[in-house]
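J.: What shape does this take:
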Amino acid sequence: MSNDHDAALVQLRAYLAQAELPFDSRLPPERRLSEMLGVSRVALRKALDVLEAEGLVWRHVGKGTFVGSRPIDSFADIAAITRRTNPGEVMRTRLLIEPEVAGLAALNATADQVAEMRKCLSRSRAALTWRQYESWDNRLHRVIAESAQNNLLLALFDTLGAVRRAVTWGRLRTNRLRPAPDHHSFLEHEQIVDAIEQRDVGRARECMRRHLESVERNLLRPRPQESPATLPPRRTAQGALGTGSP
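T.: Now for the predicted structure:
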């Protein structure tokens with residue numbers, strides 16, 4: 001990649017990090033975006049190619065460029081699934097899928113993919129807002145899924161991710177502006193990446209499982225002055241409805 005393309009990629013990443021655009025937001029038109037970033041349209045297109053390959057943006061001919069990974073089917077299908085589910089079910093499904101994904105990543109991740117995971121770890125720790133943190137958190141989990149080297153599994157992961165982003169989580173979040181320095185996910189993510197880098201399949205699975213259980217407890221546990229009855233029901237592994245953590 002030429003220096004112009006490298007510069008465009010750096011500028012584009014910085015723009016996305018600072019703009020904090022919601023998932024599925026449309027970016028400005030290429031001409032406007034190239035002027036905003038001070039790069040040529042040719043260099044901008046090359047940078048967009050890179051980010052699209054990473055699942056950070058996707059393009060629709062005639063409609064523009066959007067934040068996030070390309071929907072694997074249709075927004076209507078995702079919306080229909082979202083209407084029939086809740087955060088608890090989303091987390092139980094993640095617990096079924098993502099530990100196995102992490103185990104495959106421990107077998108198949110390349111050195112470049114592990115380096116990308118490390119970058120996600122450092123950027124998430126440096127995040128100034130929850131939106132920035134969640135962007136790098138999403139990127140980390142997708143790089144792990146990519147590292148499994150299984151296209152069908154990656155498609156299922158992306159579908160689950162689209163539903164997860166569509167489900168309403170906002171009221172379950174604390175009012176803190178950004179993750180605390182001792183946020184549980186920082187260490188848990190590092191343990192997952194360490195296990196993947198060391199090719200420890202069993203530990204990668206277990207670390208991912210413990211991480212998701214921790215996410216579940218921290219996201220869906222009742223808040224002070226909030227009754228458990230106000231939380232959305234979830235299905236347990238045995239199929240019984242209950243309240244609790246995702």
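
J.: Any buried residues in the one helix or strand residue 194 maps to, and which?
T.: For residue 194, the host element (DSSP states H and E) is helix 184-197. Neighbour-count burial for helix 184-197 flags 185, 186, 188, 189, 191, 192, 193, 195, 196, 197 (criterion: 16 or more other C-beta atoms under 10 Å). C-beta: built from backbone N, CA, C; applies to glycine.

J.: Need the residues that contact it.
T.: 102, 105-106, 109, 114, 117-118, 120-121, 124-125, 137, 140, 144, 147, 179, 203-204, 206-208, 210-211, 214-215, 218 (C-beta atoms under 8 Å, 6 or more residues apart in numbering).

J.: 7 Å instead?
T.: Helix 184-197 is contacted from outside by 102, 105-106, 109, 114, 117-118, 121, 125, 137, 140, 147, 203-204, 207-208, 210-211, 214-215, 218, using C-beta atoms under 7 Å, 6 or more residues apart in numbering.

J.: Stretch 115-126 too?
T.: Contacts to stretch 115-126, defined as C-beta under 7 Å, 6+ apart, come from residues 133, 136, 137, 139, 140, 143, 144, 186, 189, 190, 193.

J.: and if we set it to 10 Å?
T.: 13, 17, 54, 105, 109-110, 132-144, 146-147, 178-179, 181, 183, 185-186, 189-190, 192-194, 196-197 (C-beta atoms under 10 Å, 6 or more residues apart in numbering).

J.: I'd like to check which residues are in contact with residue 84.
T.: The contact partners of residue 84, by C-beta under 10 Å, 6+ apart, come to residue 163.

J.: Look up how far residue 206 lies from the closest residue to residue 209 other than its chain neighbours.
T.: Spatial nearest neighbour of residue 209, excluding adjacent residues (C-beta to C-beta, 6 or more residues apart in numbering): residue 99 at 4.4 Å. As for residue 99, its distance to residue 206 is 7 Å (criterion: C-beta to C-beta, to the nearest Å).

J.: ditto for residue 26
T.: Look at residue 26 and residue 206: by C-beta to C-beta, they are 40 Å apart.

J.: Now for the protein, the helix or strand with the poorest mean pLDDT.
T.: When each helix and strand of the chain is scored by mean pLDDT, DSSP states H and E, strand 241-242 comes last, with a mean of 31.

J.: Now do the SS call for residue 32.
T.: Residue 32 falls in the helix class when you classify it by DSSP: H, G, I helix; E, B strand; the rest coil.

J.: Now do the same for it: its pLDDT.
T.: Model confidence at residue 32, expressed as pLDDT, equals 93.

J.: now swap in residue 152 and tell me
T.: Looking at residue 152, its pLDDT stands at 90.

J.: what about it, how many neighbours?
T.: When neighbours are counted by other C-beta atoms under 10 Å, residue 152 registers 7.

J.: what's the answer for residue 18, then?
T.: 10.

J.: can you pull out the strands in this protein?
T.: Along the chain, the segments classed as strands by DSSP state E run 57-60, 64-67, 234-235, 241-242.

J.: Residue 157 reaches residue 98, doesn't it?
T.: Yes - assessed by C-beta atoms under 10 Å, residue 157 is found in contact with residue 98 at 7.7 Å.
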